[in-house]
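Trainee: Here's my sequence, what's the structure:
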Amino acid sequence: MIGELIVEIKGKTTGIRVLAEGKIEVSHSGTGSILGKEATVMDTGVSTVMPSGVMMADANGMLMTAEGDAVMTKIDGIGWPTGKGWKSSYRGACYFMTSSPKLASLNKTVGVWELESNET
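Mentor: Below you'll find the model as predicted:
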């Protein structure tokens, strides 16, 4: 970890669509925390499978705290298969946008993230 933990989420895939040109759209939802506050998250991203097998990811999401503060996210990264089915590993950067005074520091923050998914 480079700095403080900003977001920690555990969730599941809620939808998968195969798009044109070797792209895959995946939606997720989950629960966890943002800056220590209880939160839920939804996101949808598109992964483009490169000839090397690496997947370039581009996603948008929204976190909502239990207190009603919303944080939008812009997520970029790369991933690769690590086993059977959808088992994969991703890494990347996340940019935050919020109008919440309590979470305003996130507007000047770039997060580094990692995601591990199982085969289902």
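Trainee: which sections of this protein are below the confidence cut-off?
Mentor: For the chain, the stretches with pLDDT under 70 are 1-2.
Trainee: in it, which spans are strands?
Mentor: Assigned by DSSP state E, the strands in the chain fall at 7-18, 23-34, 37-49, 55-65, 70-81, 88-97, 110-117.
Trainee: number of nearby residues for the nearest residue to residue 72 once chain neighbours are set aside?
Mentor: Nearest-residue entry for residue 72: residue 97, 4.4 Å, with adjacent residues in sequence omitted and distances by Cβ to Cβ, 6 or more residues apart in numbering. C-beta here means a position set from N, CA and C on the backbone, and glycine is covered the same way. When neighbours are counted by other Cβ atoms under 10 Å, residue 97 registers 12.
Trainee: coming back round to it: I'd like the strands of the chain laid out as CSV, including distance to residue 103.
Mentor: Shown next, in CSV, are these (distance: least, Cβ to Cβ, whole Å):
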stretch, distance to residue 103
strand 7-18, 11
strand 23-34, 7
strand 37-49, 8
strand 55-65, 8
strand 70-81, 6
strand 88-97, 8
strand 110-117, 13
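Trainee: Might you report the residue contacts of the residue nearest to residue 72?
Mentor: Applying Cβ atoms under 8 Å, 6 or more residues apart in numbering to residue 97 gives the contacts 71, 72, 73, 74, 106, 107.
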